[in-house]
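**Q** this is a predicted model, with the sequence first.
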Amino acid sequence: MGLHKVRWGILGLGNIANQFAKDMALVPDAELVAVGSRSMDKAVDFAQKYGAQRAYNTYDQVINDGEVDIIYIATPHNSHAELTIQSLNAGKHVLCEKPVALNFSETVKMVEASKTNGKFFMEAFWTRFNPSIREVYSKVDQNEIGDIKYINADFAFNIGVATGRMIDPLLGGGSLMDMGVYPLFLSYLVLGKPKEILAASNFYATGADKQTSIILQYQDAQAVLHSSFVSPSDMKATVSGTEGRIRINSIWHETQSYTVIKNNHEVDYHFPTKGKGFTYEIEECHRCIHEKKLESDLWSHEDSLNLIQMVDEVRKQTGLEFASQEN
Ligand SMILES: NC(=O)c1ccc[n+]([C@@H]2O[C@H](COP(=O)([O-])OP(=O)(O)OC[C@H]3O[C@@H](n4cnc5c(N)ncnc54)[C@H](OP(=O)(O)O)[C@@H]3O)[C@@H](O)[C@H]2O)c1
């Protein structure tokens, strides 16, 4: 079709930006054009490492680079809304890291900016595109394990001495926003929005949550979820139905396999990911851009809005507040 490569810009060159850029090299029609950091040295190093054409010491320069088609936002949560809206207003498509924003009201504005500017916008919920997760979803959909009654999922490890953005409430810190969104995502994917949410947290002195436990109450099902910065878990997830259960194997949110357990019989299914697994969300962005879509069918604007609404309700229950925000 003579389509040019999709030209990417990245904002915020931390942990996840490195992993993402490494995977981008595995997607043939992706081109890393520009990277932006608050530090010129960091930008130059990153550009060299991943073959980006231009390194900038401001995010604005990436956003205003005329050769960038899509911006990947990999900065702390509190800046997601502002940078997304700025990028969409500058005529760029946007892939923004999870959690999509600090709260529902910010997310509404991000979606509006996508629609007003006619540009693609997606939350980078990479787990949605993981091959095993897609299979699990279709098996559940095809009633392979009967009616789903229970989901158990967590995301927990001991991060040791907690510092920086991880525990800074101004930056949306805490285990819920960093990790708890994954168990919430799984339950939302399989069972949709719950009718009631119960949740409680333990907190750092900063006000960010150390650990959070959540019960999602559905009409005829329940989910028990947990996130933690202070102790580890197996990081397996279970989706359980009237006819059997599916175990999503560790680390479940980036899994390479799952197991169907029915009638005391286990069958393993292996789906090794291409790279770490960020390749699939990159490919989804490309597909949507080529098809001139503003949102993905697999992880839509509505999905991001629904999920962050659930997070807002959890925070209301636990008392987790971000000082910089209206709620
Ligand atoms: N999908 C995933 O698997 C995954 C995994 C981890 C994190 N994430 C998400 O990605 C985002 C970034 O997480 P990360 O683990 O990459 O964090 P990180 O290592 O701390 O990197 C964040 C980057 O954002 C930039 N930044 C801008 N303002 C900042 C501030 N006030 N404080 C600290 N950094 C600031 C910095 O880049 P410069 O210095 O270059 O400007 C920094 O390196 C978060 O929203 C997180 O939830 C997603």
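**A** Yep, that arrived.
**Q** dump the residue contacts of the closest residue to residue 196 other than its chain neighbours.
**A** Leaving aside its sequence neighbours, residue 196 sits nearest to residue 217 (CB to CB, 6 or more residues apart in numbering; 3.9 Å). Glycine gets a C-beta too; all of them are placed from N, C-alpha and C. Residues near residue 217 by CB atoms under 8 Å, 6 or more residues apart in numbering: 194-198.
**Q** state the phi and psi torsions of residue 217.
**A** Residue 217 adopts backbone torsions of phi -100, psi 120, taken as degrees, to the nearest 10.
**Q** what's the separation between it and residue 26?
**A** Noted for residue 217: a distance of 41 Å to residue 26, by CB to CB, to the nearest Å.
**Q** make CSV out of the contacts of residue 217 and add pLDDT, secondary structure and neighbour count.
**A** Shown next, in CSV, are the contacts of residue 217 (pLDDT from 0 to 100; DSSP: H, G, I helix; E, B strand; the rest coil; neighbours: other CB atoms under 10 Å):
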residue, pLDDT, secondary structure, neighbour count
194, 98, coil, 21
195, 98, coil, 9
196, 98, strand, 10
197, 98, strand, 21
198, 98, strand, 14
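**Q** can you pick out the most distant pair from those residues?
**A** Within those, 195 and 198 form the most distant pair, 11.5 Å apart (CB to CB).
**Q** ok so, going back, please report the distance of the residue nearest to residue 196 from residue 150.
**A** Applying CB to CB, the value for residue 217 to residue 150 is 12 Å.
**Q** contacting residues for the residue in the stretch 1-150 of the chain positioned nearest to the ligand?
**A** Using CB to the nearest ligand atom, residue 14 is the residue of the stretch 1-150 of the chain that sits closest to the ligand, at 1.9 Å. For residue 14, the contact set (CB under 8 Å, 6+ apart) comprises 74-75.
**Q** please redo it, this time with the cut-off set to 7 Å
**A** Listed by CB atoms under 7 Å, 6 or more residues apart in numbering, the contact set of residue 14 reads residue 74.
**Q** repeat for residue 156
**A** 226-228, 231-233.
**Q** list phi and psi for it.
**A** Phi and psi for residue 156, reported as degrees, to the nearest 10, are phi -150, psi 140.
**Q** in the protein, which residue is most central in space?
**A** The geometric centre of the chain, computed from its C-alpha atoms, lies nearest to residue 125 (CA atoms, centre = their mean), at 3.1 Å.
**Q** residues from this structure in reach of the ligand?
**A** For the chain, the residues in contact with the ligand (CB under 6 Å from any ligand atom) are 12-17, 37-39, 42, 74-77, 79, 97-98, 124, 126, 165, 171, 178.
**Q** which of those residues count as buried?
**A** Those of the residues of the chain next to the ligand that meet the buried threshold are 12-13, 16-17, 37, 42, 74-77, 79, 97-98, 124, 126, 165, 171, 178, by 16 or more other CB atoms under 10 Å.
**Q** check what pLDDT the residue in the stretch 151-300 of the chain positioned nearest to the ligand gets.
**A** Across the stretch 151-300 of the chain, the shortest distance to the ligand (CB to the nearest ligand atom) belongs to residue 165, at 4.7 Å. Note for residue 165: predicted pLDDT of 90.
**Q** correct me, but it touches residue 174?
**A** No: judged on CB atoms under 7 Å, residue 165 makes no contact with residue 174 at a distance of 10.1 Å.
**Q** show me the contacts for residue 113.
**A** By CB under 7 Å, 6+ apart, the contact set of residue 113 is 85, 88-89.
**Q** give me the buried positions along the host helix or strand of it.
**A** Secondary structure assignment for residue 113, by DSSP states H and E: helix 104-117. Neighbour-count burial for helix 104-117 flags 104, 106-107, 110-111, 113-114, 117 (criterion: 16+ other CB under 10 Å).
**Q** any chance you could map the strands in this protein?
**A** Under the criterion DSSP state E, strands of the chain are mapped to 6-11, 30-36, 54-56, 70-73, 93-96, 121-123, 148-156, 196-203, 209-217, 222-228, 237-241, 244-248, 257-262, 265-270.
**Q** deepest-packed of those, please.
**A** strand 121-123 (a mean of 29; mean count of other CB atoms under 10 Å).
**Q** show residues contacting stretch 207-214.
**A** Identification of contacts with stretch 207-214 by CB under 7 Å, 6+ apart yields 167-169, 173-176, 180, 197, 199-204, 225-230, 314, 318, 320.
**Q** what's the closest non-adjacent residue to residue 305?
**A** residue 107 (5.5 Å).
**Q** that neighbour reaches residue 101, doesn't it?
**A** Yes: at 4.7 Å, residue 107 counts as touching residue 101 under the criterion of CB under 7 Å.
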